[in-house]
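Asker: give me a model of this one.
(chains A and B)
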Amino acid sequence: MLSECFIAATLTSGKAPASASLRDVGICVHEFQPSPNLRSTFKKSSTPANCLAVSPSHVYAAQAEKAIVHVYSREKGNQEAIIPFPERIRSIAIAGSKNGDVLVLGTEGGRLILWETCTGRQVATTASHLSPVTALVVDPSDNFILSGSADASIHIWSLVDILSFTKLPSGRDRQPPNSPIRTFSNHRAAITSLAVGHSSGRYNIAVSAAQDNTAIAWDYHTGRVLRTFLLPSSAISLAIDPVDRAFYVGYEDGSVQSVDLYKAQSFQHPLHDPSLQSTPAQPSADEKWSPPSADCGAAQSLSLSYDGMTLLSGHQNGKVLSWNVGRKKYSTTVADYTHSVTNLHMLPLAGLPNPSQDLKRVAHTIVKPRYDSSLSESSQSAGTVPADYTFSTHLLNPTSSKPTTARNLDGSERTNQFTEAFTRAVFPESMIEEGLAELAAFNQPGGNTAQGSPMMAQATNYEDLAAKDAQITSLENELAALKKKTTANEAARQLTTDEVTKLRSDLANLNDYVNELHQKQDQAQREKVIRQARKEERETRKREAWFAAEKKGKKGDTVVRRMEAEEAMQTSDSDDQSSDE
Amino acid sequence: MASMSMSLHAVNHRLTNIPVKQLPPIASCLATSLSNCGELLSAPQNQKSKSDSDNAVQVHKLMTRLASLLQDRSPEGRWTAVVLVKAVVEAGQWEILRGCEPLVRGLIAILAKPDPNSTKKMAIITLTRIFHLTYQYPTLVREITTPSLPSFITSALNLISVKPSSEPIRRLKPHTPFLETVLNALGELIARHPTIFRPFSAQIHSILQAIIGSTSPAFPQNALDSAERLFISLHHCAPKNTSGEEWRSACQMTIASIHGATDHVFRAVVEQWESADPALRQASRPQDYSREVGDGGQDTLGLAGWQGLDSGVNRLVVLLQMLSTCLTTATASMVSIPIGHILDLTSRLTAVVVPSDGRDIQANPQISRTEREHLFAELPRIHVSCMELLRNLVKSLETGAIPLAQTILEQALWVYRAEKFSREVRASAYELVQTLLARMGPSLTKQSITSLADLVRASCHDLLPPAHDQSASAKASSDAKGKAKSNLAAANADSFLNPMLKQGRQSDVATFSSLARAASELLVGVLTHAPTEHLSPSLRAEIDRTIILTSDKFTMLASVLNPVPAVKGRGVSASIMPFLTRAFPAEMEVESLIRPRMPVLMNAPGIGGYTDLGEEEEEDVSAPVSGKAPESTGFLQPSSTPILHHDMMDTEVSHTPAPALTKRGLADDSKPQLLTPGSTGKADSNLQSKRPRVEDVVPATTASQPSLDKTAPTTFTGTAAVPVSLASATATVDQSSKIASVKAPSATAVSGLLAGSAVAQTASADAGEDDSDDDLPALNIDPDTEDEDEDEDETMEG
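Answerer: Got it, this is the predicted structure:
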């Protein structure tokens, strides 16, 4: 069943509480819907305005006039720790609203201290405010801190920049580290209250109220004023509608007022209409929602229900009033805590399924801040995460509802068969099919060797099997025949190829031979010609010699015979030579 | 109820009359009918009426039949029984669970029988489910779980391993088909019954060591995952109050083990890293460089040694996965995560990257070049696991990771720059950066965004079919013309024949690959979380172009919702909204974006609640209800009348009976409102005056897409026809060309297109200014985009 609670913190006064159950009580957890009653209490706390922060596991309450913060465990319902700080804390806020890991504290001296409640690390900023930091909010993206001070200025700090071990590269070199990134100084008097819109995007708004009777809606990403509201009196508390359609202010006299951001039936957001930005809007004093009695005291804190239709206000006389937003009227008194109610914090609805808000981890106990005398990062070697930096938490199982899907190396989704089967009402189809196939295989004769086979099944299937066997044998035979054929074919082809190769080489050889023969023939021809020529020459010489001998009167025949003998030797030589050539 | 008892009858009939052999094929149907009888099965059985007692008899019959089937001689019977038991247990819850003790015994007995694997697997799952379901009932835990769980653990372990001696050590069976199922089942149960598991923890540990330590990846990834999860979950078994320390020591030992393996794997290079932990600085041991890389002895976790670089890298990857598992598995109690040590480790692993120009790695001269190159080839795998670890760290710490975000981002970018050639490294880097942006995006400075630009550009390239492919083929063809025609044969002939072929295939890839998904998520992250004013115009143009070409609804929405802030003197900047409305005209997100209907006034009569014209006579009845009992204000009130709505309305407003618990549906409100006689005319006129405006804007913003048509001509041939007609209708060319040049300096190729549309826009803007004096409010369809730009324009001026 759905239920909605709020947490109220009070500033202890001299008065004694009416009921015994509220004695010593400083912080109350109160069920608001369905039936208003006190759920639980935390004792011994006295909290000024803007000094209560609530995380899913803990409640942090900075104490009035002291430099300490009380930490209460919501699970155990007791006081877990008292944390001393070097300065008085004037306002606190929690960053990381889902888990509440970082507590931001605004000090008397005008600086912020950031305490990582899971690691115990503590970082301090420059003391950029001239007066105590009285109002603090963290934007929904957990990236920016807005701090308002009595010096009328609002600083915007980058949470990431302050906490980061490795400092972000920035163009703001002239600034000292951990200083605000932007300052909003349109107010003329001390800032009383701050609120941010509910968007985590770039176009989120902030609303600030100051003692100069103004409230300003502005863009904290740029520091640009969107609209100035001249209020009938000085507002001391603020709350923004869950849809950012309006904001509500609480006054000193106990009355509250809604300031509608959409006056006209316009589809353009009036805050972003430049023609309206320069003109301040002036909600009339008549439109204030008056409290049931004048002795309520100032409306010190405001909070809206989940649906945004009921406004709760905590008053100085200890009453928590509820107002009907639609009718703009007081509706009931929800609780009376005797002491002045300084902080109201509406808790999210219990019992709504909201997967994005499911906690992945929970911190049962906080880690107290480690003592650091200088509260600065200068002692550390820059940029490195110290080896002893540990994060204490209890990891919860985030995937209890949906099956885990891991990824393969190639990035494809890998589903886990086990979880799939585990979470379904019946086994998945794939698993059933796998089982059926396995059972079928189990009954095949092949599987029988391993297991004791069911004989019945085999008997019924016997003929069938025999037929199948026959078929298989015939098929196998056919296969064998085909294989043989293929081999034969292969061999034949191989043979032909070989033959062709051989023939080719033969052809080449024959060609070579023919060429050789041709050469030889040519040579023989040449030799023949040469021999012919020599023979003719010899004949000529013989004849010449014969004639010469005849002329001399000698016997030509003898000379010729002698020459023939000589030539026979020469010819044999030359023949030898020619054959050698 | 009657139909349920009927189907239960039918199930019983079939179970008893059909031969057991033929049951398996219908088991699935039977299980489905049983799971539909949940109400009947879970009904308390002590009621007196006749029908109830008849049902009780049927349920009893079913249970006895199932118990006997579990003991059946045939495997079919047992198989069917297991399937049905699971269905009955899921459907019947407590009523069935309390009588399921014999079933549990039967199921455990099956594990020891020679049944088919699937029977055993399903028996394990069914048993795990029974133990799981009984957990919330202490009596059932006492009666069922506590006595039978030890025997279940033993038989499950026997399926996957053998216990050789009396020592608490088990040896893993090779190639067992049950490994994954058993590990998952144990992992599911160990956190809930740590004391029962305690005696087995040493045995399980020895099995897991063998699985995790096996260097050749003989085990499927799924089994490895389950083994790692179970290994981490073993800390639940630690004696009272020491589980946190046990977890921490498992974590620390894993880290030490990774350091040990890294000492060997990285021996080919000289590491520049210096540990932040003084204890680790002196730890490096001298190694024998003459042997093949490897670790002979057992490491800190007790895992066996390994040989060879591949095994070493496998070991590193497995151990890094195990460290990731540490961060994602539920713990028994508060643990302290050693973030400092984890980041120290990742800084060591990411310090060594593949050398690229300008970044040289000092080589170890004693190691051969082949081994070094082998190491560089394997580095991307290590780094992918590293980034996966970092991503898991950020995801589980959420806001707690803010102090580390910048450090992690720098490590990721360092790896990415050196190893962007690897698809896996790119995909992991996209995912990691996207996760980081969700935490620290809004506070990024211009410098950080500039350092991300390269990554974002690469993601654009990964999303698009590579345009250079087409240009390359075109170039090839022109080259072919210019030079000899010799390399024509080498060009892809298909691309000439069918130019669409390539595109089709690549768009398929873009749809299905995880790289593309990571890239598109990164684009969404950058647009949503990073300050858009720090994105350089050229990068933004490239992102928008990619988004248009991929036509993914979410990236388009991200772009439209985070417009380019107007720069002074540039005019209104472009939005890709027309593309969004063209692509998804009927989607709800688009509708809510361009035609918002938020109830802007909360207290005007007739707006606050649901109005129904037909029920005005009920007014008198409801008025007193709303008047009384202010105590019961609120939507959580369990009352039958919707008091909440009366409170919000003035009394003359009629009401409609709405369920008491319904919260005010804010989006619904305006619809009935439009139907009321008073507002109908106005609403209609609003709508009518809005429509022409929309059409005016559509071509205007279409045209001013910078360099879109120039770079992707093929995709936009269809749209080219429209601007031509627009341009011809243009009268004042001077003015329009001036605006066009101011608006999109890079879009030179589309001047005609711009000329026509820019005029249309200026005309509409004029009309809007003229109208502002009338009682009709100046409608602005996208207040988030244009007005912001104008606003910022003013700031710049002032």
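Asker: CA atoms for contacts and neighbours, from now on please.
Answerer: Fine.
Asker: centre of the chain to stretch A:192-210, how far?
Answerer: 27 Å (Cα atoms, centre = their mean, to the nearest Å).
Asker: list the buried residues in that stretch.
Answerer: For stretch A:192-210, the neighbour count (16 or more other Cα atoms under 10 Å in any protein chain shown) marks A:192-198, A:200-210 as buried.
Asker: domain-wise, how is the chain divided?
Answerer: Just going to use chain A. A:3-164+A:178-351+A:358-362, A:477-571 (the TED database).
Asker: wrong chain, I was asking about chain B
Answerer: Using the TED database, chain B is parsed into the domains B:247-434, B:444-466+B:510-566+B:574-594.
Asker: export those to a markdown table and append columns for mean pLDDT.
Answerer: Output for the domains of chain B, formatted as a markdown table (pLDDT from 0 to 100):
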| stretch | mean pLDDT |
| --- | --- |
| domain B:247-434 | 84 |
| domain B:444-466+B:510-566+B:574-594 | 84 |
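Asker: indicate which one of the domains of chain A is closest to residue B:16.
Answerer: Ranking the domains of chain A by proximity to residue B:16 (Cα to Cα) places domain A:3-164+A:178-351+A:358-362 first, at 45.1 Å.
Asker: now the helices: where do they sit in the stretch 101-250 of chain A?
Answerer: Using DSSP state H, counting those that start in this stretch, the helices of the stretch 101-250 of chain A run over residues A:159-163.
Asker: host element of residue A:543?
Answerer: Using DSSP states H and E, residue A:543 maps to helix A:462-552.
Asker: so what's residue B:152 closest to, chain neighbours aside?
Answerer: residue B:108 (6.0 Å; Cα to Cα, 6 or more residues apart in numbering or on different chains).
Asker: how about stretch B:404-417 and chain A, touching?
Answerer: Yes - using Cα under 8 Å from any Cα of the partner chain, stretch B:404-417 reaches chain A at B:404-407.
Asker: shouldn't the residue nearest to residue B:152 be in contact with residue B:155?
Answerer: Yes - using Cα atoms under 8 Å, residue B:108 is in contact with residue B:155, at 7.3 Å.
Asker: so between the two, which is more surrounded?
Answerer: More neighbours surround residue B:108 than the other of residue B:108 and residue B:155, with 23 against 19 (other Cα atoms under 10 Å in any protein chain shown).
Asker: where are the low-confidence patches of chain A?
Answerer: A:17-18, A:97, A:168-175, A:263-269, A:355-357, A:371-383, A:398-416, A:444-465, A:567, A:570-581 (pLDDT under 70).
Asker: now with 50, please.
Answerer: A:373-381, A:400-413, A:446-460, A:576-581 (pLDDT under 50).
Asker: was I right about residue B:343 contacting residue A:385?
Answerer: Yes - between residue B:343 and residue A:385 there is a contact under Cα under 8 Å: 7.1 Å.
Asker: and stretch A:113-132, end to end?
Answerer: Start-to-end span of stretch A:113-132 (Cα to Cα, to the nearest Å) is 13 Å.
Asker: same check, this time on stretch B:260-278
Answerer: By Cα to Cα, one end of stretch B:260-278 lies 16 Å from the other end.
Asker: is that stretch anywhere near chain A?
Answerer: Yes - interface with chain A: stretch B:260-278 contributes B:276-277 (Cα under 8 Å from any Cα).
Asker: how about the strands in the stretch 201-350 of chain B?
Answerer: B:294-295, B:306-307, B:335-337 (DSSP state E, counting those that start in this stretch).
Asker: how about the residues of the stretch 451-600 of chain B that lie near chain A?
Answerer: B:513-515, B:528-529, B:531, B:562, B:596-597, B:600.
Asker: one step back: so for residue B:115, which of the domains of chain A sits nearest?
Answerer: Between these, domain A:477-571 lies closest to residue B:115; by Cα to Cα that is 36.5 Å.
Asker: for chain B, give me its nearest residue in the stretch 201-350 of chain A.
Answerer: Nearest residue of the stretch 201-350 of chain A to chain B, counting by Cα to the nearest Cα: residue A:326, 4.1 Å away.
Asker: settle this for me: that residue is touching residue A:309, isn't it.
Answerer: Yes - the pair residue A:326 and residue A:309 qualifies as a contact (Cα under 8 Å) at a distance of 6.6 Å.
Asker: residue 84: what's it in contact with?
Answerer: Picked chain A for this. Neighbouring residues of residue A:84 by Cα atoms under 8 Å, 6 or more residues apart in numbering or on different chains: A:67-69.
Asker: the intended chain is chain B.
Answerer: Counting by Cα under 8 Å, 6+ apart, residue B:84 has contacts B:27, B:30-31, B:34, B:66.
Asker: that one sits in which helix or strand?
Answerer: Going by DSSP H and E, residue B:84 is in helix B:75-92.
Asker: any part of the next helix or strand after that helix near chain A?
Answerer: For helix B:75-92, the following helix or strand on the C-terminal side (DSSP H and E) is helix B:94-97. No - in terms of Cα under 8 Å from any Cα, no part of helix B:94-97 sits within range of chain A; the closest distance is 14.3 Å.
Asker: quick check: closest non-adjacent residue to residue A:316.
Answerer: Spatially, and ignoring its direct neighbours in sequence, residue A:316 is nearest to residue A:340 (4.1 Å; Cα to Cα, 6+ apart).
Asker: do you know how far residue B:239 is from chain A?
Answerer: 18 Å (Cα to the nearest Cα, to the nearest Å).
Asker: now tabulate the residues of the stretch 451-600 of chain B next to chain A in CSV and tack on distance to residue B:330.
Answerer: CSV is the format used below for those (distance: Cα to Cα, whole Å):
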residue, distance to residue B:330
B:513, 30
B:514, 27
B:515, 29
B:528, 31
B:529, 29
B:531, 35
B:562, 37
B:596, 43
B:597, 44
B:600, 45
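Asker: show me those residues that map onto helices.
Answerer: Residues of those located in helices (DSSP state H): B:514-515, B:528-529.
Asker: and of those residues, the nearest to residue A:161?
Answerer: Closest to residue A:161, out of all of these and judged by Cα to Cα, is residue B:529, at 15.7 Å.
Asker: check contacts around that closest one.
Answerer: In this structure, residue B:529 makes contact with A:201-202, B:437-438, B:440-442, judged by Cα under 8 Å, 6+ apart.
Asker: sitting in strands, which of these do you find?
Answerer: Judged by DSSP state E, these include no members of strands.
Asker: buried subset of those?
Answerer: Buried among these (16+ other Cα under 10 Å): A:201-202, B:437-438, B:440-442.
Asker: what subset of the buried residues of stretch A:192-210 is also close to chain B?
Answerer: A:201-202.
Asker: out of the ones in helices among the residues of the stretch 451-600 of chain B next to chain A, what pair is the most spread apart?
Answerer: Checking these with Cα to Cα, the most distant pair is B:514 and B:529, at 21.8 Å.
Asker: can you give me the helices in the stretch 1-150 of chain B?
Answerer: Counting by DSSP H, counting those that start in this stretch, the helices of the stretch 1-150 of chain B are B:2-17, B:23-36, B:38-41, B:50-70, B:75-92, B:94-97, B:101-112, B:117-134, B:138-140, B:146-160.
Asker: give the buried residues for the fourth one.
Answerer: Same thing as helix B:50-70. Here helix B:50-70 shows B:52, B:55-56, B:58-60, B:62-63, B:65-70 as buried, counting by 16+ other Cα under 10 Å.
Asker: possible to save the residues you listed as CSV with pLDDT and distance to chain A?
Answerer: As requested, these are exported to CSV (pLDDT from 0 to 100; distance: Cα to the nearest Cα, whole Å):
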residue, pLDDT, distance to chain A
B:52, 71, 24
B:55, 78, 21
B:56, 80, 22
B:58, 82, 21
B:59, 82, 18
B:60, 83, 20
B:62, 84, 17
B:63, 85, 17
B:65, 86, 19
B:66, 85, 16
B:67, 86, 18
B:68, 87, 19
B:69, 85, 16
B:70, 84, 16
